[in-house]
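> this is a predicted model, with the sequence first.
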Number of protein chains: 2
Amino acid sequence: MAAEKRVAVVLSGCGFLDGAEIQEAVCTLLSLDRRKARVQAFAPDVPQMHVVDHLKGEPAAGAGRGVLAESARIVRGQVKDLAQARAADFDALVFPGGYGAAKNLCSYAVEGRKLQVNPEVARLIHDLHAAQKPVGFICIAPIIGAKLLGAEGVKLTIGNDPGTAADVESFGARHVVCRVEDACVDERLKVVSTPAYMLGPSVGPVSQGIDKLVSAVLEMS
Amino acid sequence: MAAEKRVAVVLSGCGFLDGAEIQEAVCTLLSLDRRKARVQAFAPDVPQMHVVDHLKGEPAAGAGRGVLAESARIVRGQVKDLAQARAADFDALVFPGGYGAAKNLCSYAVEGRKLQVNPEVARLIHDLHAAQKPVGFICIAPIIGAKLLGAEGVKLTIGNDPGTAADVESFGARHVVCRVEDACVDERLKVVSTPAYMLGPSVGPVSQGIDKLVSAVLEMS
């Protein structure tokens, strides 16, 4: 029997407007669990960019929230500070989406093509990539892969919004149109992506695309 | 082709220590979506009993949170006030678990057998039940079914903790030991339950039990 694959999942909060897209995150965990992977969730120990009232769809007044503590909600407390994550301890890495990926893991939501990537996120991706281990990006998270691996001509999907696809290509990455039920595999660079809620329309098809991403990531690890 | 089933899912916040168990909620939505049900999420428009830091596992200082707005995080904003839910508009009703079910939908976490059930929760269950429509309870949520339908001798599972099972039986309900991968079906009263994270151990088996619950609920509707 093949050894159990060890997979790090990086969360960015809890709720698609200011954190990780919850349905994408759970579909990722479910697919990994069904495929017998051993999962450890991580999140950066930083404040959220802001807090959004998900009922009104508007920024909320009042206390801020922390990305690490909010991410803990999705994984029943079993999350570690991303600064503790070592590439040597994992066979693969997966980033669920949600605006949190573009607000708390990098600054794409605010700065567009001038985005900065959280240093711990950048370090972990570079270290996995240097070790030829696969990395999966879901929904809007491929913008991080485009920024970090664009110079190598990484092939990615980010849905079919022309502006966002153009941003992906501005870094040298190649954008691929992909159905929500499918995943885009760059075998050369071991990078897998799926549009998820960049396309929608509901959790069923989103889960299919994520399951294909997880399957491809585990196969390449 | 059979008509699309309309299912109300009642959430209790966002995070298992003070709200809905997120993985159970998403597995419920996923199973319903795959089975082509039309879902509407609801939550009571009340303050959470408290806010728990899910990293530390302890109550958090600072601002309170509302059950409705936090529930909105799980369903991308598509949640309605439970007071608007009408039994005539739905073929079935499902309650995911998490401490939120015992803290925000009823007072079991604080008052044990003296629990009070949120009036809108009680109204909706009674109205569905009176119309012979099925109701599903996941994890700790069956305590609500036991309180409201115990006098009819409802058959339920709530995991295998003897104290909790004794509480279920104190209302006249019959507790059934059930594996996490299975669901307990009371065909007479059209009540379905599954232990989920009352037993654990991970999202894969929890999703199997929830899928059986959803399947049974849809079959009886």
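Received it, and whenever you're ready, just let me know what you need.

> for the rest of this, base every contact and every neighbour count on C-alpha atoms.
Fine.

> low-scoring stretches of chain A, by residue?
Residues of chain A meeting the criterion pLDDT under 70: A:1-2.

> near chain B, which residues of it?
For chain A, the contact set with chain B under CA under 8 Å from any CA of the partner chain comprises A:14-16, A:22-23, A:26, A:29-31, A:33-34, A:53-57, A:62-63, A:68-70, A:72-79, A:202-204, A:207.

> what about those residues, which are in helices?
A:22-23, A:26, A:29-31, A:33-34, A:68-70, A:203-204, A:207 (DSSP state H).

> separation between the residue nearest to A:Val168 when sequence neighbours are not counted and A:Ala20?
Distance criterion CA to CA, 6 or more residues apart in numbering or on different chains; nearest residue to A:Val168, sequence neighbours excluded, is A:Ala146 at 5.5 Å. For A:Ala146, the distance to A:Ala20 equals 19 Å [CA to CA, to the nearest Å].

> try A:Glu169
24 Å.

> what does A:Ala151 give?
27 Å.

> more neighbours: which of those two?
Under the criterion of other CA atoms under 10 Å in any protein chain shown, the comparison of A:Ala151 against A:Ala20 puts A:Ala20 first, with 32 against 11.

> I'd say the more buried one and A:Leu11 touch.
Yes: counting by CA atoms under 8 Å, A:Ala20 touches A:Leu11, with 5.8 Å between them.

> so what sits against both of those two?
A:71, A:96, A:101 (CA atoms under 8 Å, 6 or more residues apart in numbering or on different chains).

> just to revisit the earlier point, neighbour count for the ones in helices among the residues of chain A next to chain B - can I get that in TSV?
TSV is the format used below for these (neighbours: other CA atoms under 10 Å in any protein chain shown):
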residue	neighbour count
A:Ile22	28
A:Gln23	33
A:Val26	22
A:Leu29	30
A:Leu30	24
A:Ser31	21
A:Asp33	16
A:Arg34	14
A:Leu68	26
A:Ala69	26
A:Glu70	27
A:Val203	22
A:Gly204	21
A:Ser207	25
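
> JSON lines please, covering these and showing distance to A:Val214.
Listed next are those as JSON lines, based on distance: CA to CA, whole Å:
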{"residue": "A:Ile22", "distance to A:Val214": "17"}
{"residue": "A:Gln23", "distance to A:Val214": "15"}
{"residue": "A:Val26", "distance to A:Val214": "12"}
{"residue": "A:Leu29", "distance to A:Val214": "9"}
{"residue": "A:Leu30", "distance to A:Val214": "10"}
{"residue": "A:Ser31", "distance to A:Val214": "7"}
{"residue": "A:Asp33", "distance to A:Val214": "10"}
{"residue": "A:Arg34", "distance to A:Val214": "10"}
{"residue": "A:Leu68", "distance to A:Val214": "23"}
{"residue": "A:Ala69", "distance to A:Val214": "25"}
{"residue": "A:Glu70", "distance to A:Val214": "24"}
{"residue": "A:Val203", "distance to A:Val214": "16"}
{"residue": "A:Gly204", "distance to A:Val214": "15"}
{"residue": "A:Ser207", "distance to A:Val214": "10"}
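
> centroid-nearest residue for chain A?
A:Phe95 (2.1 Å; CA atoms, centre = their mean).

> need the three-state assignment for A:Gly172.
coil (DSSP: H, G, I helix; E, B strand; the rest coil).

> surely it and A:Ala151 touch.
Yes: at 5.4 Å, A:Gly172 counts as touching A:Ala151 under the criterion of CA under 8 Å.

> tell me which stretches of chain A form strands.
A:6-10, A:38-43, A:52-53, A:58-59, A:79-81, A:92-95, A:135-138, A:155-156, A:174-175, A:184-186, A:191-194 (DSSP state E).

> buried deepest among these, which one?
Among those, strand A:191-194 has the highest mean neighbour count (mean count of other CA atoms under 10 Å in any protein chain shown), at a mean of 33.

> thinking the residue nearest to the centre of chain A is in contact with A:Ala20, fair?
No: A:Phe95 is beyond contact range of A:Ala20, at 9.1 Å (criterion: CA under 8 Å).

> any common contacting residues for those two?
Residues within reach of A:Phe95 and of A:Ala20 at once, by CA under 8 Å, 6+ apart, are A:Leu11.

> so what's the residue count around A:Gly172?
17.

> give me the distance between it and chain B.
Distance, A:Gly172 to chain B, by CA to the nearest CA, to the nearest Å: 32 Å.

> repeat for A:Gly98
According to CA to the nearest CA, A:Gly98 and chain B sit 10 Å apart.

> got a list of what that residue touches?
The contact partners of A:Gly98, by CA under 8 Å, 6+ apart, come to A:15-22, A:139-141.

> that one and A:Phe171, how far apart?
21 Å.

> A:Val75 now?
Taking CA to CA, one finds A:Val75 at 33 Å from A:Phe171.

> swap in A:Val214?
Taking CA to CA, one finds A:Val214 at 25 Å from A:Phe171.

> out of these two, which sits in the busier spot?
More neighbours surround A:Val214 than the other of A:Val214 and A:Phe171, with 29 against 20 (other CA under 10 Å).

> my guess is the more buried one contacts A:Ser31. True?
Yes: between A:Val214 and A:Ser31 there is a contact under CA under 8 Å: 6.7 Å.

> and A:Leu93, what does it touch?
For A:Leu93, counting by CA under 8 Å, 6+ apart, the contacting residues are A:7-10, A:125, A:128, A:134-136.

> what is the nearest of the contacts of A:Gly98 to chain B?
A:Gly15 (4.6 Å; CA to the nearest CA).

> and the closest residue to that closest one other than its chain neighbours, how close does it get to B:Val79?
Of all residues beyond its chain neighbours, the one nearest A:Gly15 is B:Arg73 (4.6 Å), with distances taken as CA to CA, 6+ apart. Per CA to CA, B:Arg73 is found 9 Å from B:Val79.

> so what sits against both of those two?
A:Leu55.

> count of neighbours near the nearest residue to A:Leu124 once chain neighbours are set aside?
Counting by CA to CA, 6+ apart, A:Ala87 is the residue found nearest to A:Leu124 once chain neighbours are left out, at 6.2 Å. The number of residues packed near A:Ala87 is 20, by other CA under 10 Å.

> so what's A:Ala87 up against?
A:124, A:127-128.

> which one of these is nearest A:Lys190?
Using CA to CA, A:Leu128 is the member of the contacts of A:Ala87 that sits closest to A:Lys190, with 10.1 Å.

> what about the nearest residue to the closest one once chain neighbours are set aside, distance to chain B?
Nearest residue to A:Leu128 in three dimensions, chain neighbours excluded: A:Ala87, at 5.3 Å (CA to CA, 6+ apart). Going from A:Ala87 to chain B by CA to the nearest CA gives 23 Å.

> before we move on, what about A:Asp89?
21 Å.
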